[in-house]
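*Asks:* coords please:
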Amino acid sequence: MSIPIYMIPKTQAEHKACRRSADWRINNLYSVVDKAGCKIKFRQNPIQRRAYIEAHGQDVYLKSRRHGITTGKCIEIFDQAFHNADQSCGIIAHTQAAAWAIFAKKIRMPYESLPEFIRKDNPAVELSQSHIKFQNGSVIRVAVSFQSDTLQRLHVSELGPLCAKFPLRAAVLFSDTFPAVHPEEGGMISVESTAEGGAGPFYDICQQARADTKKAELTGIPLTILQWKFHFFSWQADPTNIAESTGIEKQEKTVVYFNELRTKHDVDLAPEQKAWYGIKKDGAGGLKRRMKQHYPSTPDEAFEQSVDGAVYTEEMIDAYDQGRIGCFPWVRAEPVYTFWDLGISKGNACCVGFVQFIRDQIRIIDYYECENRGMTYHVPQVLGRPYSWQPNEPFAYVPHDIMKRDPVTAVPMYDSCISLGLRVHKIPAPRNKDADGIESVRKMFDRICINQMSTEDCNNIHGQYDGTDRLIKALSWYRYEWDDDKKIWSRTPTHDWASNAADMLQTLGLAVAYHAIGGKYRGSDYIVAGYTENMPSDGDYNPLTYGAHGSRKRA
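*Replies:* Numbers count the residues shown, from 1 in each chain. Just a heads-up that it's a prediction; the model follows:
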């Protein structure tokens, strides 16, 4: 018979029947430590219940704070290991301190709070700070990483921060740990996190799972056991996220935001919910610009916030808020300029931004990225696009290492560019790449507008695989190195896939800072560039030698 999950057994027979139900055990047998540090009887809240009932087997949970997804999954894992023999279960936390806390509050506490007569049926034969082994052969371990262990159950907590701060550990997770769980044999994986920037492994797994889940809903064809199911739990899904609305001052931007939620996403909030959101965002000690990351209303806005430690966090938030990431198409009557990062060493991509200067805007209308190729490949790809270049003037702005030899052809890259018809202007190296280069980008960022063009759009237009979506993701993901010893972000950016696009933007920033291009308009829709009359023939412009502005002429 079906056992109600909150049934209170009155006889020994009823108690035995209840204990055969995992639903009943999860909601009646175990205790945990709550957010206030108090020991409480665990019972699934509405979100935990949904996560349990709607589980597919490979599940990714994008969520706001305080839903207790990890707590719910830990109780599920404990129940599975305690009541089933020879289960190998793992829980991964993003820091060691978090791993110890999860084990103490969500694994050890449920075990020690069991009635003694139940513990005696399956006592712990090993119990440490991070793992427990039962007499039935089942094991639960909580750690920051697992390698080469076959697991029947795996849960990963805060995958977003883990990927951002510990990329090597994330690589092991995807290449080694996930494959150790076999869904076709009943293995289950669950992953939960708040968003951590619009790029990276957690973003990718969410996007793929979201697309697959939506397709399954539309077609009526269920997901396969090897596909991930996407779940999203917003802040408004928590019924406790309310506050007294009387006397709460409403910020104009927040009112506009609520109206957009209602009209664009059909999210109609109660006054008490609006009051809670306003206090949480703009009240004393509020999250301010971090609100969408920690308490998203929709899946898309969860990823608008840049990753923790991102170099251009504030700049990207402003770009989104001010509508400077959107539709900024090619103005055919105006010339296009290109800005490059050359990607010389193996594995580094060559990145090219296509830019127009329209009034006071710096419009990035297109983007190209390709690795493991030489300039003899890249230059024709760039010149083959249907843009108009400024006649008789340089239109390709390149970093100082253009004089190095092409790693593919061994010919100096400058020579290859000239022979292929690329008119180059070499930007001198900044005194300090990470400081001066990044600062030059920050100074011009409020003028940058990015034409949001997806990979699919770009494929249709150019036959290439990268649209400006790739650039937007890179700028959101480009971040400083995490120093795990000092527990701070260093001042040195991480060198990874995102740094190539960011270096391209530094070429643009330095060109504008040196007044090589991007000057203000003078009474027309044509830019005023900063070329000097006595500029060297190869376009090697140095403001220290030829003056910061030089003799100006129209581009």
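*Asks:* where does pLDDT dip in the stretch 101-250 of the chain?
*Replies:* Low-confidence segments of the stretch 101-250 of the chain, defined by pLDDT under 70: 148.
*Asks:* confidence score at the spatially closest residue to L420 that is not a sequence neighbour?
*Replies:* Excluding its sequence neighbours, the residue lying closest to L420 (Cβ to Cβ, 6 or more residues apart in numbering) is V379, at 4.3 Å. Using the backbone N, CA and C atoms, a C-beta is placed for each residue, glycine as well. You'll see V379 listed with a pLDDT of 93.
*Asks:* got the contact list for V379?
*Replies:* Neighbouring residues of V379 by Cβ atoms under 8 Å, 6 or more residues apart in numbering: 416-417, 420-422.
*Asks:* longest helix in the protein, by number of residues?
*Replies:* Scanning the chain for the longest helix, with DSSP state H as the assignment, gives helix 201-219.
*Asks:* and the helix or strand just after that helix, what does it pack onto?
*Replies:* Toward the C-terminus, helix 201-219 is succeeded by strand 229-233 as the next helix or strand (DSSP states H and E). Under the contact criterion of 3 or more Cβ pairs under 8 Å, 6 or more residues apart in numbering; DSSP states H and E, strand 229-233 touches helix 46-53, strand 58-63, helix 201-219.
*Asks:* next SSE downstream of strand 229-233?
*Replies:* Next along from strand 229-233, by DSSP H and E: helix 252-265.
*Asks:* picking that back up, ChimeraX command for the buried members of the contacts of V379?
*Replies:* Buried residues among the contacts of V379 (16 or more other Cβ atoms under 10 Å), as a ChimeraX selection:
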select :416,417,422
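*Asks:* from the contacts of V379, pick the one nearest F258.
*Replies:* L422 (50.2 Å; Cβ to Cβ).
*Asks:* tell me where the stretch 251-400 of the chain has helices.
*Replies:* In the stretch 251-400 of the chain, the helices defined using DSSP state H, counting those that start in this stretch lie at 252-265, 271-282, 291-294, 299-302, 313-321, 375-383.
*Asks:* in JSON lines: those helices, plus distance to S130.
*Replies:* Shown next, in JSON lines, are these (distance: least, Cβ to Cβ, whole Å):
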{"stretch": "helix 252-265", "distance to S130": "42"}
{"stretch": "helix 271-282", "distance to S130": "34"}
{"stretch": "helix 291-294", "distance to S130": "28"}
{"stretch": "helix 299-302", "distance to S130": "30"}
{"stretch": "helix 313-321", "distance to S130": "33"}
{"stretch": "helix 375-383", "distance to S130": "50"}
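*Asks:* can you tell which of these is closest to G68?
*Replies:* helix 291-294 (14.9 Å).
*Asks:* which residues touch the closest one?
*Replies:* So helix 291-294 is in contact with 64-65, 194-196, 277, 280-281, 287, 301-302, 304-305, going by Cβ under 8 Å, 6+ apart.
*Asks:* tell me the one of those nearest P394?
*Replies:* Lowest distance from P394 to those (Cβ to Cβ) belongs to E304, with 35.7 Å.
*Asks:* could you count how many residues lie near the closest residue to that closest one other than its chain neighbours?
*Replies:* The shortest distance from E304 to any residue other than its chain neighbours is 5.1 Å, reached at Y320 (Cβ to Cβ, 6+ apart). If you count neighbours by other Cβ atoms under 10 Å, Y320 ends up with 19.
*Asks:* pick the most deeply packed of the helices of the stretch 251-400 of the chain.
*Replies:* Sort those by mean neighbour count, taking mean count of other Cβ atoms under 10 Å, and helix 291-294 sits at the top with a mean of 22.
*Asks:* mean confidence score for that helix?
*Replies:* For helix 291-294, the per-residue pLDDT averages 88.
*Asks:* same check on stretch 330-348?
*Replies:* 86.
*Asks:* show the pLDDT at H400.
*Replies:* 88.
*Asks:* which residues in the stretch 1-150 of the chain form helices?
*Replies:* Counting by DSSP H, counting those that start in this stretch, the stretch 1-150 of the chain has helices at residues 12-19, 22-28, 46-53, 69-83, 96-103, 109-112, 116-119.
*Asks:* remind me what the first one packs against, helices and strands.
*Replies:* It refers to helix 12-19. helix 22-28.
*Asks:* same check, this time on the last one
*Replies:* Using 3+ Cβ pairs under 8 Å, 6+ apart, no helix or strand is in contact with helix 116-119.
*Asks:* so what touches it?
*Replies:* 19, 29, 111.
*Asks:* that older thread, from C351, how far off is the residue nearest to L420?
*Replies:* For V379, the distance to C351 (Cβ to Cβ, to the nearest Å) stands at 14 Å.
*Asks:* centre-most residue in this protein?
*Replies:* G197 (3.0 Å; Cα atoms, centre = their mean).
*Asks:* residue contacts, the nearest residue to that residue once chain neighbours are set aside?
*Replies:* Spatial nearest neighbour of G197, chain neighbours left out: V307 (3.1 Å); criterion: Cβ to Cβ, 6+ apart. By Cβ under 8 Å, 6+ apart, the contact set of V307 is 160, 164, 196-197, 199-200, 476-477, 479.
*Asks:* can you add secondary structure and distance to D436 and give the residues you listed back as CSV?
*Replies:* Output for the contacts of V307, formatted as CSV (DSSP: H, G, I helix; E, B strand; the rest coil; distance: Cβ to Cβ, whole Å):
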residue, secondary structure, distance to D436
G160, helix, 31
A164, helix, 25
E196, coil, 28
G197, coil, 25
A199, coil, 25
G200, coil, 27
S476, helix, 22
W477, helix, 22
R479, strand, 19
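*Asks:* most surrounded residue in those?
*Replies:* E196 (30 neighbours).
*Asks:* can you give me the helices for the stretch 401-550 of the chain?
*Replies:* 413-419, 438-444, 455-462, 468-477, 497-513, 543-546.
*Asks:* among these, which comes closest to G374?
*Replies:* Nearest to G374 among the helices of the stretch 401-550 of the chain is helix 413-419 (7.3 Å), distances taken as Cβ to Cβ.
*Asks:* now do the closest one: which elements does it pack against?
*Replies:* helix 375-383, strand 424-427.
*Asks:* rerun that using 7 Å as the cut-off
*Replies:* Using 3 or more Cβ pairs under 7 Å, 6 or more residues apart in numbering; DSSP states H and E as the contact test, the elements touching helix 413-419 are helix 375-383.
*Asks:* please compute how far the helix it packs on lies from its chain's middle.
*Replies:* Here helix 375-383 is found 31 Å from its chain centre; the criterion is Cα atoms, centre = their mean, to the nearest Å.
*Asks:* only alpha carbons, please: show that helix as CSV.
*Replies:* Provided in CSV are the C-alpha atoms of helix 375-383 (Å, rounded to 0.1, in the frame of the first residue of the first chain):
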residue,chain,number,x,y,z
MET,A,375,48.2,34.1,-40.9
THR,A,376,47.9,32.8,-44.4
TYR,A,377,44.6,31.3,-43.3
HIS,A,378,43.4,34.0,-40.9
VAL,A,379,43.9,37.0,-43.2
PRO,A,380,41.8,35.7,-46.2
GLN,A,381,39.0,34.7,-43.7
VAL,A,382,39.0,38.3,-42.4
LEU,A,383,39.3,40.0,-45.8
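*Asks:* good, we can wrap up now.
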